[in-house]
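Novice: sequence first, predicted coordinates after that:
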Amino acid sequence: MQRVCLAVLRNIGSYGKESTAVTCTYLQQSIRLFINIDELKGGNKVIHKLMKNWHLHLQGEFPGGLDELLADDVEFHSPIVFTPQKGKAITKMYLGAAGNTFSDNADPSEKKLQDLESSSSKFKYVKEVLAGNHAVLEFEAEVDGKYVNGVDIITCNDEGKITEFKVMVRPLQGVNVMHEQMKAMLEKMQKR
């Protein structure tokens, strides 16, 4: 770290040993505020493992499913509900409804979140960005013949459990069709 600071100072033209030492110390402290040194040494392995397990779950190959992936105090932010939904049970319900909405099974009673990454589904992740304890997964789907594009923004704790799951959707017709489908699916699920 000190070598990096000295190189930066040489490039910006700091003068005098005393000012160089003070500036170098200040620069080191500033860098530590903005950059997690562990991430520079290889990244946060927790988010990588969580995303591997998330994809396994979507393929129906992760034992324990959402109960293992979600923290008890998880917050779910829906594109169609204004207030965050708090807790594992309600988050599981919303994610289940999303899986039912996106899945391509003919019988709605047999749709599952795990069907999302199957070859017959019209839902697919197209990009994945991982940083710190966060993941952004961009998806594309077709619902009732309408194109839906969105992102799942996932935050995890140090134990690798999802603490926040935020879904953002576009375009407006995609939001509208998702709203209709999710509302119908949630009503069906609550009647069971």
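Specialist: Right, received. Where do you want to start?

Novice: which helices and strands does the helix ranked longest in the chain pack with?
Specialist: For the chain, the longest helix by residue count, based on DSSP state H, is helix 172-191. Applying 3 or more C-beta pairs under 8 Å, 6 or more residues apart in numbering; DSSP states H and E, we find helix 172-191 packed against helix 88-102, strand 134-143, strand 146-156. In short, each C-beta sits where N, CA and C put it, glycine included.

Novice: low pLDDT regions in the protein?
Specialist: Scanning the chain for pLDDT under 70 picks out 1-43, 103-121, 189, 192.

Novice: switch the cut-off to 90
Specialist: Along the chain, segments meeting pLDDT under 90 span 1-44, 60, 79-82, 94, 96-123, 143-146, 174-192.

Novice: which parts of stretch 171-189 are buried?
Specialist: 174-175, 177-178, 181-182, 185-186 (16 or more other C-beta atoms under 10 Å).

Novice: what of stretch 78-91?
Specialist: Here stretch 78-91 shows 78-80, 85, 88, 91 as buried, counting by 16+ other C-beta under 10 Å.

Novice: now stretch 147-159
Specialist: Quick answer for stretch 147-159 (16+ other C-beta under 10 Å): 148, 150-156.

Novice: and residue 73, that's in a strand?
Specialist: Yes: per DSSP: H, G, I helix; E, B strand; the rest coil, residue 73 lies within a strand segment.

Novice: how about the contacts made by it?
Specialist: Counting by C-beta atoms under 8 Å, 6 or more residues apart in numbering, residue 73 makes contact with 86-88, 163.

Novice: now with 7 Å, please.
Specialist: 86, 163 (C-beta atoms under 7 Å, 6 or more residues apart in numbering).

Novice: how near is it to residue 87?
Specialist: Noted for residue 73: a distance of 7 Å to residue 87, by C-beta to C-beta, to the nearest Å.

Novice: show me this structure divided up by domain.
Specialist: Residue ranges for the domains of the chain, per automatic domain parsing: 2-35, 45-191.

Novice: these two touch, right, residue 75 and residue 164?
Specialist: Yes: the pair residue 75 / residue 164 is scored as a contact, 5.0 Å apart, by C-beta atoms under 7 Å.

Novice: what residues does stretch 166-180 touch?
Specialist: For stretch 166-180, using C-beta under 7 Å, 6+ apart, the contacting residues are 77-80, 101, 143-144, 146-153.

Novice: please put the alpha-carbon coordinates of that stretch into CSV.
Specialist: Taking Å, rounded to 0.1, in the frame of the first residue of the first chain, the C-alpha atoms of stretch 166-180 are listed here in CSV:
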residue,chain,number,x,y,z
LYS,A,166,-34.7,-6.1,-4.8
VAL,A,167,-36.4,-6.5,-8.2
MET,A,168,-36.6,-3.8,-10.8
VAL,A,169,-38.5,-4.3,-14.1
ARG,A,170,-38.8,-2.4,-17.4
PRO,A,171,-40.4,-1.5,-19.8
LEU,A,172,-43.8,-0.2,-18.6
GLN,A,173,-45.7,-2.9,-20.4
GLY,A,174,-43.5,-5.4,-18.6
VAL,A,175,-44.3,-3.8,-15.3
ASN,A,176,-48.0,-3.9,-16.1
VAL,A,177,-48.1,-7.5,-17.1
MET,A,178,-46.0,-8.5,-14.1
HIS,A,179,-48.4,-6.6,-11.8
GLU,A,180,-51.4,-8.5,-13.2
